[in-house]
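K.L.:
Need a 3D model of the following:
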Amino acid sequence: MKKSPIITHRATLDYTLYLAKLLGLFEVNEEPLSKYVVVTLFRIFNWIIVAFIIVATAADFCMNIDEFQKVSYSLNYMFPFLMSEFKSMSIYLQRDKFRRLINDIHAPILMLKYSSDLGVLTTIRSAITLQNFDYSMFVGATIAIVGIGVLPMKTVLHTRELPVRGSFPFDATQFPIFEIILISQCYAFFIACTWSNIFETPLMGFIRWINVQSIILQSNYRHCDDLTTSRANFSVSQQNYNIIQAYQFFKVPEEQKEIRSFVPFTLEEANVAVDSFLLRFQTCVIHHRRLINNLNNCNSFFGFVLFGQIPSSVLLFCVGLFTLAVSLHNNRVTFADVVILGCAMAHLFYYCIYGNQLIIENEKLLISIYECGWENHLSRKSMRLVLNGLTQGLTPMKMTAGAFFIFSMQTYLSVIKNSYSYFAILINTVSDDE
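P.N.:
Numbering: from 1, shown residues only. Down below sits the predicted model:
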């Protein structure tokens, strides 16, 4: 294989895994005992700090249960911190399964980035650009959320009111207790956001690269019956190398995105002496099954936490609207109000837009299977293979949260609609009490 114009598609993933290792979520048991102990203690310390904030916020929630405004502020922080804690524990407790999932989904891309087909290289390069944009958005959200605790520092020290409401069994306004709790809250903001990024950016990457492979598989199915279309290899021509090196996301012509050959995923598939429809179709069926298994493993790994993400997003959006409405009414909209509501809306939107794209690519894949020319190759020898391929095409590929929710734009609009309905009820109740 010659040099690829795509240096790495795992830059953000590798950085995320490095952070996970630093925080003790991905420790390596072969490391020196002293380092293992330090990392373990650091992980437990982080869990305790965030749990401390959750308990204090929950206590404040219970003590002010009759005051809607105070309760809403408590909920704005309690549930995000709780979900972040669950995400970190999920990564740590299933770290071996997480590693296998990374290898299963990313290994084919390590080969495909050397493909001789320009359309494949362009598809991967476009996915990398979107990946970097998404990662920048997550980093920006982390900076904004940490800013909730850091930016009003001068005012907080003057008023002795913490950024996150909490009830404590001692006087939390006294020096140095107040300063210690304040530092703990700012640190908890950073750690919780980092945990969320460690959980979510690989998840987005898994769906993204499954979609990329699905696009390539669609093309392969279309080329099954056209043996005049040659198989690609893993040698990038100088011309294709130069084109990808000069890649600009908004200036890519449509013809450059077209995959013009049957694309192998392994070296064995590239070196075939006698090609045929059945051989190509069988290869496609095998990789289609692999993608289905990858997605099922992905849903199994992330499903439990994502199941809690749906009601959490509904609650945060509803409460965030209420908090912002109250702030507007009192003419004191804060940076925290805007950030919390914006993150609540954008967070679920990211899940749903990727889930929706997965559904779209799956529908295109089904059409490609049925239009691959299988009806011209029916024989006793091929009947079972063709039937398995057609039946497999009916298997839905969807990003799910447990067994109840499917991430799609329909789900997102439903969440927004229901959240607004609850917000309207809540704001009317508060207005009536006044």
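K.L.:
C-terminal to the helix or strand hosting L385, what's the next element?
P.N.:
With secondary structure defined by DSSP states H and E, L385 is part of helix 383-393. Per DSSP H and E, the first helix or strand lying C-terminal to helix 383-393 is strand 400-401.
K.L.:
residues in contact with that next one?
P.N.:
The contact list for strand 400-401 (C-beta atoms under 8 Å, 6 or more residues apart in numbering) reads N299, G303, L306, F307, Q309, I310, I406, F407. (Each C-beta comes from the backbone N, C-alpha and C, glycine too.)
K.L.:
Parallel or antiparallel, list what pairs with that strand.
P.N.:
strand 405-406 (antiparallel) (DSSP bridges).
K.L.:
Centre of the chain to the strand it pairs with, how far?
P.N.:
15 Å (C-alpha atoms, centre = their mean, to the nearest Å).
K.L.:
what's it in contact with?
P.N.:
L306, F307, I310, G355, I359, K398, M399, T400, T411.
K.L.:
could you redo the last one with a cut-off of 6 Å?
P.N.:
I310, K398, T400 (C-beta atoms under 6 Å, 6 or more residues apart in numbering).
K.L.:
To what extent is the nearest residue to the first one once chain neighbours are set aside buried, counted in neighbours?
P.N.:
By the measure of C-beta to C-beta, 6 or more residues apart in numbering, the closest residue to I310 outside its immediate chain neighbours is F405, 5.1 Å from it. By the measure other C-beta atoms under 10 Å, the count of residues near F405 is 21.
K.L.:
if I look at F405, how far off is A273?
P.N.:
Using C-beta to C-beta, to the nearest Å, F405 is found at 48 Å from A273.
K.L.:
what's the answer for I177, then?
P.N.:
77 Å.
K.L.:
Could you do L82 as well?
P.N.:
Taking C-beta to C-beta, one finds L82 at 58 Å from A273.
K.L.:
where does the stretch 301-434 of the chain dip in pLDDT?
P.N.:
329, 331-334, 426, 429-434 (pLDDT under 70).
K.L.:
how about a cut-off of 90?
P.N.:
303-351, 373-387, 390, 393-396, 401-405, 411-434 (pLDDT under 90).
K.L.:
which residues of it fall in helices?
P.N.:
For the stretch 301-434 of the chain, the helices defined by DSSP state H, counting those that start in this stretch cover 335-370, 383-393, 409-433.
K.L.:
Of these, flag the one that's most buried.
P.N.:
helix 335-370 (a mean of 19; mean count of other C-beta atoms under 10 Å).
K.L.:
and that helix, what other elements does it pack with?
P.N.:
Counting contacts by 3 or more C-beta pairs under 6 Å, 6 or more residues apart in numbering; DSSP states H and E, helix 335-370 packs against helix 118-150, helix 177-222, helix 277-329, helix 409-433.
K.L.:
Please list the outside residues in contact with the shortest one.
P.N.:
With C-beta under 6 Å, 6+ apart as the contact definition, helix 409-433 has outside contacts at F68, V314, F317, C318, L321, F322, A325, F349, C352, N356.
K.L.:
Distance-wise, check the fourth one relative to Y422.
P.N.:
Summarising the geometry, the distance separating C318 from Y422, computed by C-beta to C-beta, is 4 Å.
K.L.:
The second one too?
P.N.:
When distance is defined by C-beta to C-beta, V314 is 7 Å away from Y422.
K.L.:
likewise the last one?
P.N.:
Taking C-beta to C-beta as the criterion, N356 is separated from Y422 by 24 Å.
K.L.:
Now L378. Its backbone dihedrals?
P.N.:
Per-residue torsions, L378: phi -90, psi 120 (degrees, to the nearest 10).
K.L.:
what about it, neighbour count?
P.N.:
Other residues near L378 come to 11 when the count uses other C-beta under 10 Å.
K.L.:
Kindly provide the distance from it to D226.
P.N.:
18 Å.
K.L.:
I180 now?
P.N.:
70 Å.
K.L.:
same thing with F170?
P.N.:
76 Å.
K.L.:
before we move on, what about Q185?
P.N.:
From Q185 to D226 the distance is 62 Å (C-beta to C-beta).
K.L.:
out of these two, which sits in the busier spot?
P.N.:
Applying other C-beta under 10 Å to Q185 and D226 shows that Q185 carries more neighbours, namely 23 against 12.
K.L.:
Next, find the distance separating that one from M153.
P.N.:
Q185 is 11 Å from M153, where distance means C-beta to C-beta.
K.L.:
so how far is S167 from the closest residue to I44 other than its chain neighbours?
P.N.:
Excluding the flanking residues, the one nearest I44 by C-beta to C-beta, 6+ apart is G24, at 8.0 Å. Distance, G24 to S167, using C-beta to C-beta: 30 Å.
K.L.:
Likewise for R380?
P.N.:
75 Å.
K.L.:
Could you do A346 as well?
P.N.:
Taking C-beta to C-beta, one finds A346 at 30 Å from S167.
K.L.:
In the stretch 151-300 of the chain, where is pLDDT below threshold?
P.N.:
151-166, 169-175, 226-227, 271-274.
K.L.:
Nearest the geometric middle of the chain, what residue?
P.N.:
Closest residue to the average C-alpha location of the chain: M204 at 2.9 Å, with C-alpha atoms, centre = their mean.
K.L.:
ok, it - contacts?
P.N.:
D134, Y354.
K.L.:
Does H9 touch A107 like I think?
P.N.:
No. H9 is not in contact with A107 according to C-beta atoms under 6 Å; the separation is 11.4 Å.
K.L.:
Tell me the one of the contacts of strand 400-401 nearest V338?
P.N.:
Q309 (21.3 Å; C-beta to C-beta).
K.L.:
Can you report how many residues lie near that closest one?
P.N.:
Q309: 23 neighbours (other C-beta under 10 Å).
K.L.:
measure it to V319 for me?
P.N.:
In terms of C-beta to C-beta, Q309 sits 15 Å off from V319.
K.L.:
Show the contacting residues for the residue sitting furthest away from the middle of the chain.
P.N.:
No residue in the chain sits farther from the centre than R380, which is 44.3 Å out by C-alpha atoms, centre = their mean. With contact set as C-beta under 6 Å, 6+ apart, R380 has no partners.
K.L.:
Could you turn the buried ones of the contacts of helix 409-433 into a PyMOL selection?
P.N.:
Restricted to buried positions by 16 or more other C-beta atoms under 10 Å, the PyMOL selection for the contacts of helix 409-433 reads:
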select buried, resi 68+314+317+318+321+322+325+352+356
